[in-house]
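Trainee: Following is a predicted model, sequence given first.
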Amino acid sequence: MVEKTSRFLNRPVPVPEPESVPLSLYVHWPWCVHKCPYCDFNSRACPGGLPEDDYIDCLLKDLDGELQWVQRREVRTVYLGGGTPSLMRPESASRLLSGIRSRMPLAPGCEISMEANPGAVASGRLGAFSEAGINRLSVGVQSFQDPQLRFLGRIHTSRQAEETLGEVRRCFPNWNLDLMFGLPGEDLELLKEDLSRAVGCGSTHLSVYQLTIEQGTAFARRPPPGLPDPDELCDMADAVVSILGRAGFRRYEVSGYAQEGRQCRHNLNYWQYGDYLAIGAGAHGKVSTKKGVLRFAKHSSPGRYMDSVRRGQGPAHFRWVADRQLPFEFMLDALRLTDGVPRVYFESRTGLREEAIGPELDEARHRGLLVDAGDRFRATEKGLDFLSDLQEIFLI
């Protein structure tokens, strides 16, 4: 390992070897049909005359600038997120993926995911996306109840969701369905019905989230009435784990449930503190170098982003992660995994020795939030229930 002097430990510690850290690529599509009131992602309603071709050009030029950080490292997963990237034409997706392949080596069997929404993907396009190279889809259904869909500002109906999922099932052997709970007017029986329909639609992976009111959203400015109370939410959360478990979906992450071998490999790389390049408006990336861990972000405005790429200006922001910030960064994601992560990842991916967080590990164990799991760091059931408290212990 390469050595550096760390003021955090006041003695030499190893720097991560970049080639040993898995690498992914995130591609951000910033447009939707319209902005949902609960959404705090970098997305906005489509403008008239979407600059699709120019945006794809900028994505590839942006990637050219990112290659300096990774040389010829192999990419294990690619994720097209947003926004609603299924709004792009399949030929644009094909050109984008061809451009990525010509610039970076993709691993055999590379997972290439795309987010899609019912009502925002034209009939017949899904097969064309598959032919373009997309091999995993993530479908934002959110609910199978029309009143709840209207409340969420979704543009599809329950019937349209079912029709879209039928086409997804025909085109993709591996796909995710997003579902939300804790919606106004929702009770435990409605949630059970949604879970039953989600399980029955043929997906291999389910992401099930409780509605949260995020700052800067329309719901934050005008909180919705009729939300379930805390006791109801606890019952709902328990029902999700129980019902999906009986249906063969194992909870492997706080909000992620998968059939055997169908975990989202791209998200696993995030949670295991892997590296990821990021291109597109508002995209955030993280790479390991021989100098340490580098984080960067692109301009969030699509227009400003494209202007900056054309001018060769690079990321809007970047910073080297300080040694004292590394334990929290690592644990913030790693402890979301129900199986935890191998202990050796802490040293090999942060460059810090485990002794650096000895007092914090002792505190977490003493409070019953972290379990001694041999060669792994793993949250207890209590730790998963009080995950924010567990993660905050590692703010050093």
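Mentor: Received it, and whenever you're ready, just let me know what you need.
Trainee: where exactly do the strands run in the stretch 1-150 of the chain?
Mentor: Ranges of strands in the stretch 1-150 of the chain, per DSSP state E, counting those that start in this stretch, are 3-6, 11-14, 23-29, 31-32, 44-45, 75-82, 106-116, 136-142.
Trainee: what's around Ala322, how many residues?
Mentor: A total of 13 residues lie near Ala322 under the criterion other C-beta atoms under 10 Å. Heads up, the C-betas are built off the backbone N, CA and C, glycines and all.
Trainee: From Asp333, how far out is it?
Mentor: Using C-beta to C-beta, to the nearest Å, Ala322 is found at 18 Å from Asp333.
Trainee: One more: Asp323?
Mentor: Separation of Asp323 from Asp333 (C-beta to C-beta) stands at 18 Å.
Trainee: How about Ser138?
Mentor: Counting by C-beta to C-beta, the gap from Ser138 to Asp333 is 18 Å.
Trainee: which SS class is Ser207?
Mentor: Per DSSP: H, G, I helix; E, B strand; the rest coil, the local secondary structure of Ser207 is strand.
Trainee: Report the contact partners of it.
Mentor: 138, 176-179, 255-257 (C-beta atoms under 8 Å, 6 or more residues apart in numbering).
Trainee: sec struct for the closest residue to it other than its chain neighbours, please.
Mentor: Spatial nearest neighbour of Ser207, excluding adjacent residues (C-beta to C-beta, 6 or more residues apart in numbering): Asp178 at 4.9 Å. What three-state DSSP gives for Asp178 is strand.
Trainee: Specify which member of the contacts of Ser207 is nearest to His366.
Mentor: Ser255 (27.5 Å; C-beta to C-beta).
Trainee: Please name the residues that touch the closest residue to that closest one other than its chain neighbours.
Mentor: Of all residues not flanking Ser255 in the chain, Tyr209 sits nearest, at 5.1 Å (C-beta to C-beta, 6+ apart). Contacts for Tyr209 (C-beta under 8 Å, 6+ apart) come out as 178-181, 255.
Trainee: In a markdown table, list those along with neighbour count.
Mentor: Formatted as a markdown table, the contacts of Tyr209 follow (neighbours: other C-beta atoms under 10 Å):
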| residue | neighbour count |
| --- | --- |
| Asp178 | 20 |
| Leu179 | 23 |
| Met180 | 21 |
| Phe181 | 24 |
| Ser255 | 15 |
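Trainee: Export those residues to TSV and append columns for pLDDT.
Mentor: Listed next are the contacts of Tyr209 as TSV, based on pLDDT from 0 to 100:
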residue	pLDDT
Asp178	97
Leu179	97
Met180	96
Phe181	96
Ser255	96
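Trainee: Just put those in CSV and tack on distance to Ser102.
Mentor: Shown next, in CSV, are those (distance: C-beta to C-beta, whole Å):
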residue, distance to Ser102
Asp178, 32
Leu179, 37
Met180, 38
Phe181, 43
Ser255, 35
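Trainee: since we're on Leu206, how many residues are nearby?
Mentor: Each residue near Leu206 was counted by other C-beta under 10 Å, and the total is 25.
Trainee: thinking again about what came up before, in the sheet, who's paired with the residue nearest to Ser207?
Mentor: Per DSSP bridges, the residues bridged to Asp178 are Gly140, Ser207.
Trainee: any idea how far it lies from Cys264?
Mentor: From Asp178 to Cys264 the distance is 12 Å (C-beta to C-beta).
Trainee: Any chance you could list residues touching both of the two?
Mentor: Counting by C-beta under 8 Å, 6+ apart, the residues touching both Asp178 and Cys264 are Ser138.
Trainee: For the spatially most central residue of the chain, which three-state class applies?
Mentor: In the chain, the centroid-proximal residue (C-alpha atoms, centre = their mean) is Asn267; its distance is 5.2 Å. Assigned state for Asn267: helix (three-state reduction, three-state DSSP).
Trainee: wait, it sits on Gly256?
Mentor: Yes - contact criterion C-beta atoms under 8 Å: Asn267 and Gly256 qualify, at 6.9 Å.
Trainee: And stretch 89-97, what's buried?
Mentor: 89-90, 92-97 (16 or more other C-beta atoms under 10 Å).
Trainee: ok, of these, which one's closest to Val240?
Mentor: Nearest member of the buried residues of stretch 89-97 to Val240, counting by C-beta to C-beta, is Ala93, at 32.3 Å.
Trainee: which residues does the residue nearest to that closest one when sequence neighbours are not counted contact?
Mentor: Once flanking residues are discounted, Ala93 sits nearest to Ala132: 4.5 Å by C-beta to C-beta, 6+ apart. Contact analysis of Ala132 by C-beta under 8 Å, 6+ apart lists 90-91, 93-94, 97.
Trainee: okay, those residues in a markdown table with distance to Glu162 and pLDDT next?
Mentor: Formatted as a markdown table, the contacts of Ala132 follow (distance: C-beta to C-beta, whole Å; pLDDT from 0 to 100):
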| residue | distance to Glu162 | pLDDT |
| --- | --- | --- |
| Pro90 | 23 | 96 |
| Glu91 | 28 | 97 |
| Ala93 | 25 | 97 |
| Ser94 | 28 | 98 |
| Leu97 | 29 | 98 |
